[in-house]
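In: Here is a sequence together with a model predicted from it:
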Amino acid sequence: MRTIVAALALGVMALTTQPLQAQQPGTTGAAILGTWQAELREQRKDAPRVVIVRADSSASYGTETVRWRLKPDSIMLALGGEWVTYRLQVKGTRLTLSGGDLTKPVSLTKVGPPTARPDSIPVPPDPDTE
């Protein structure tokens, strides 16, 4: 399960060490914010069923919360103290992740806005600053 959101997941980040694009209104990063759900035919053991991607650079799936960062055509997720990069495609309400540690692409459909991250769950540290 850590592999996606590790599916966004979800996931999709700022260039190098610049601020997260998702925090800058009108950028591509805003397109990935929300609650994403895998289609029934897409459910797999190496991918989560529901992924929540927030503007605070956190993403949650199952019991996991990860930090994300966008690059032009990919999302990086902080997993186990290092960045794992996934190719990212967003078209309308459909998000597809591939590469990284995924054996095959994962597609998710946007089903709503992101839910708030509980105050008791911190945004994981940035591996570049640890």
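Out: Sure thing, it's come through. Numbering: from 1, shown residues only.
In: From the contact counts, what lies against the strand ranked longest in the chain?
Out: Secondary structure of the chain per DSSP state E: the longest strand is strand 82-91. Strand 82-91 sits against strand 64-71, strand 74-79, strand 94-98, with contacts defined as 3 or more CB pairs under 8 Å, 6 or more residues apart in numbering; DSSP states H and E. For every residue, glycine as well, the C-beta is placed using N, CA and C.
In: how about it: buried residues?
Out: Neighbour-count burial for strand 82-91, counted by 16 or more other CB atoms under 10 Å, picks out 83, 84, 85, 86, 87, 88, 90.
In: Where does the prediction get shaky in the protein?
Out: 1-28, 40-47, 130 (pLDDT under 70).
In: residue boundaries of the strands in it?
Out: Using DSSP E, strands in the chain cover 34-38, 50-53, 58-61, 64-71, 74-79, 82-91, 94-98, 106-112.
In: Tell me which of those strands lies nearest to residue 121.
Out: Nearest to residue 121, of all the strands of the chain, is strand 64-71, at 5.3 Å by CB to CB.
In: in the closest one, what's buried?
Out: 64, 65, 66, 67, 68, 69, 70, 71.
In: strands paired with that strand, and their directions?
Out: strand 58-61 (antiparallel), strand 74-79 (antiparallel) (DSSP bridges).
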